[in-house]
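S.K.: model the structure of this input:
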Amino acid sequence: MESFSTYARLTLKEAVSIGFNSIFIVVIVSTFIGAVTSLQTAYNMISPLIPNYVISLIVRDMTLLELAPTITAIVIAGKVGSNIAGELGTMKITEQIDALEVMGINPSSYLVLPKILALMITYPMLVVLAGFLSIYGGYLTGIFTGVITETEYIYGIRADFNPYNITFALVKSVVFAFLIASIASFKGYYTRGGAYEVGQASTSAVTNACIAILLADYLLAQILL
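M.R.: From the prediction side, this is the model:
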């Protein structure tokens, strides 16, 4: 039985590999999603009866409820999920997992558990970052294009704010992280064949993770909202 310090070290290593190395893609995607949402909302608000601050209110609620946790999860499923499945699949076909068993190490816990824990720890942090950058991206775009003033945008962000939306987003992020890591690990761990099958496992991991994310998104909305 491996010691606690061993799993702590492995989890920290995976957290850096999975979480820290995903910051760049999260920054790019979330910022542009917020910018586009702000512009599209302003473009479709053609009634003079609707105040401009509604733009930032919509950006805020869409970001917290859907864009930050769900769209980021799809991106992470493509980046991290394929990487996990490919890594474990390669270890499986090259018999590295069998070697761990011969050494008396439980390969499922030694290889899979740190990945699941690392993603469940780091992904909520990425969601918080994505939410902030999405709202800020909408702010910058709205100000620079002149569709909304700075005062109106900030007022809209604060108007009718429901703190539970943050809790909802974080709950979704933990569930999505578990689904991505566990599905990708399962597909990689039980890979059979050669290099072609490893590629298939990676593709299948991403596809199944995306479907699971969308189904979980619907169920969580029904249960928690």
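
S.K.: residues in contact with Leu64?
M.R.: 131, 165-166, 168-169 (Cβ atoms under 8 Å, 6 or more residues apart in numbering). The way it works is simple: take the backbone N, C-alpha and C, and place the C-beta from them, glycine included.

S.K.: could you flag which of those residues are buried?
M.R.: 131, 165, 168-169 (16 or more other Cβ atoms under 10 Å).

S.K.: and Tyr7, how many residues sit next to it?
M.R.: For Tyr7, the neighbour count with other Cβ atoms under 10 Å is 15.

S.K.: okay, buried residues for the helix or strand harbouring it please.
M.R.: For Tyr7, the host element (DSSP states H and E) is helix 4-18. Neighbour counts over helix 4-18 (16+ other Cβ under 10 Å) mark 10-11, 14-15, 17-18 as buried.

S.K.: where in this protein is pLDDT low?
M.R.: Low-confidence segments of the chain (pLDDT under 70): 1-2.

S.K.: what do you get if the cut-off is 80, keeping everything else the same?
M.R.: 1-4, 46-48, 225 (pLDDT under 80).

S.K.: all strands of the chain, in order?
M.R.: Taking DSSP state E, the chain contains no strands at all.

S.K.: would you map the helices across it?
M.R.: 4-18, 23-44, 54-62, 72-76, 82-93, 96-102, 107, 113-145, 150-158, 164-189, 195-224 (DSSP state H).

S.K.: which of these sits most buried?
M.R.: Among the helices of the chain, helix 72-76 has the highest mean neighbour count (mean count of other Cβ atoms under 10 Å), at a mean of 24.

S.K.: center of the protein, which residue is that?
M.R.: Central residue of the chain (Cα atoms, centre = their mean): Ala73, 2.8 Å from the mean position.

S.K.: so what's that one up against?
M.R.: 123, 172-173, 176-177, 180, 213.

S.K.: cool, and Lys115?
M.R.: With contact set as Cβ under 8 Å, 6+ apart, Lys115 has these partners: 14, 18, 84, 181, 184-185.

S.K.: Leu129 too?
M.R.: 23, 26-27, 30.

S.K.: now the residues you listed in JSON lines, with distance to Pro107?
M.R.: Output for the contacts of Leu129, formatted as JSON lines (distance: Cβ to Cβ, whole Å):
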{"residue": "Ile23", "distance to Pro107": "29"}
{"residue": "Val26", "distance to Pro107": "30"}
{"residue": "Val27", "distance to Pro107": "34"}
{"residue": "Ser30", "distance to Pro107": "35"}
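
S.K.: between those residues, which sits nearest Val54?
M.R.: Ser30 (21.4 Å; Cβ to Cβ).

S.K.: I figured that closest one was touching Thr70, is that so?
M.R.: No: applying Cβ atoms under 8 Å, one finds Ser30 not in contact with Thr70, separated by 11.7 Å.

S.K.: Val54 against Tyr155, yeah?
M.R.: No: applying Cβ under 8 Å, one finds Val54 not in contact with Tyr155, separated by 10.2 Å.

S.K.: how about Ala159, phi and psi?
M.R.: Note on Ala159: its backbone torsions stand at phi -70, psi 130 [degrees, to the nearest 10].

S.K.: for it, which non-adjacent residue is closest in space?
M.R.: Leu57 (5.5 Å; Cβ to Cβ, 6 or more residues apart in numbering).
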